[in-house]
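S.K.: With the sequence up front, the predicted model follows.
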Amino acid sequence: MKSWNNIEDAYLLQGAIVGYTPRGMELAQEALVNMTKRNFLLNAKFGSDLFLAAAGEKTGGYTNANYIWDLMQARNVVPSLAAVEAYYNSLKERETPEDDPRLQIITRTLNNLRSRFAIGLGGR
C-alpha cells in the first residue's frame, strides 16, 4: 500500500473541500474513492488536514468528513485533536442524537485526545 504523500493530491483534495461547493465536495469524494481504490492510505498528517477541512462543511451531509473518518478508523489512524474537535462540533451543531454510534465514537476519541493533550502539558 502507498501512503498519500503526493503534494498534488493534497492540494487537489483540500482545494476541492475548502470551498464547500457541491461540485467541489463531489470532486473531493471522487478523488478520495479513486485514491482508495488505488490502495493509497491516509497518513495521520494528511488525513487530519483533510478531515479538519471536511468537518467545516455547513450545508451538506458531511459525506467527505464521514468517509475520511471511516478511512482513518479502518487503519487505526487517529486524527489530530483539532480535526476531531471540529468534527465533533459540527455533529453537535447538527443536533446529532446522543445515541448515534458515530457521535459516540467521536466523543470517546475526543475525550481520549483531550486527556493525552492535558497529560502532555503537565496536567493531571
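M.R.: Ah, there it is. Numbering: from 1, shown residues only.

S.K.: all contacts plus neighbour counts: C-alpha atoms, from now on.
M.R.: Fine.

S.K.: hey, where'd the strands end up in this protein?
M.R.: Along the chain, the stretches classed as strands by DSSP state E are 2-3, 40-41.

S.K.: worst average pLDDT in these?
M.R.: Comparing mean pLDDT over the strands of the chain, the weakest stretch is strand 2-3, at a mean of 52.

S.K.: if I pick P22, what's in contact with it?
M.R.: Under the criterion of CA atoms under 8 Å, 6 or more residues apart in numbering, the contact partners of P22 comprise G60.

S.K.: Give me the most central residue, this protein.
M.R.: In the chain, the C-alpha closest to the average C-alpha coordinate belongs to F51, at a distance of 2.3 Å (CA atoms, centre = their mean).

S.K.: which residues touch the longest helix belonging to the chain?
M.R.: As far as residue count goes, and with DSSP state H defining each element, the longest helix of the chain is helix 101-120. With CA under 8 Å, 6+ apart as the contact definition, helix 101-120 has outside contacts at 81, 84-85, 87-88, 91, 96-98, 124.
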